[in-house]
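Q: I would like the atomic coordinates for the input below:
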Amino acid sequence: MPSALNPGVLVDDLVEVVDDVRALRDEFGTTPVTAKIILRTWSGGRPGDGTPTDQVTDIFPQPELLSRGPDGRLRPCGLEEEGDIIVRGISLTFTEAELYSPPPGVPATERQEFFWRLEDAHGQSLRSRDYVPSGPPFPDRKRICWSIPLRRLADRG
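A: The predicted model follows:
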């Protein structure tokens, strides 16, 4: 469901142009990861039970990461990745519901999971990492984009 942009409002009129300029980063190969939003529905009664079916929404143009990502923290069982990141530069053509729905900790149904996945974009063998929103997305109208904080999920075996 595309965002309702207001014709005649300069920022909204520029959204398509700004998205085209941001897409140049993808063509130049300067964005290290691709971002996807995944709504996973399990055939069983709860997440992890049965067979998963994913509904994937690609974020295009690719957003930028404001932090370097999770850091390694030494725990009793070894080094674990932890930490939050902020993803910025998400097109204003997305809606808050698409980026944040369902809210953190509240599955759409008992059989669903909602998360973001960042994957390697250019063959550097980066591992895929999953995140959940740690707060609502913010429409940054000065930069003509959405920003959203994400919290790292533990690796899924």
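
Q: quick one, phi psi at F60?
A: Dihedral pair for F60: phi -140, psi 140, per degrees, to the nearest 10.

Q: isn't it right up against G89?
A: No. Using CB atoms under 8 Å, F60 makes no contact with G89, being 11.1 Å away. Placement of C-beta: from N, CA and C, glycine included.

Q: overlap in contacts of the two?
A: Contact with both F60 and G89 is made by no residue, according to CB atoms under 8 Å, 6 or more residues apart in numbering.

Q: Which residue comes closest to the most centrally placed residue in the chain once chain neighbours are left out?
A: In the chain, the centroid-proximal residue (CA atoms, centre = their mean) is W116; its distance is 4.2 Å. Spatial nearest neighbour of W116, chain neighbours left out: Y131 (4.5 Å); criterion: CB to CB, 6 or more residues apart in numbering.

Q: Could you count how many residues lie near that neighbour?
A: 21 (other CB atoms under 10 Å).

Q: cool, the one 3 residues further on as well?
A: Other residues within reach of S134, judged by other CB under 10 Å, total 14.

Q: Ok, the one 4 residues further on next?
A: Counted with other CB under 10 Å, the neighbours of F138 add up to 14.

Q: thought F138 was touching L99?
A: No. In this structure, F138 is not within contact of L99 by CB under 8 Å, at 10.1 Å.
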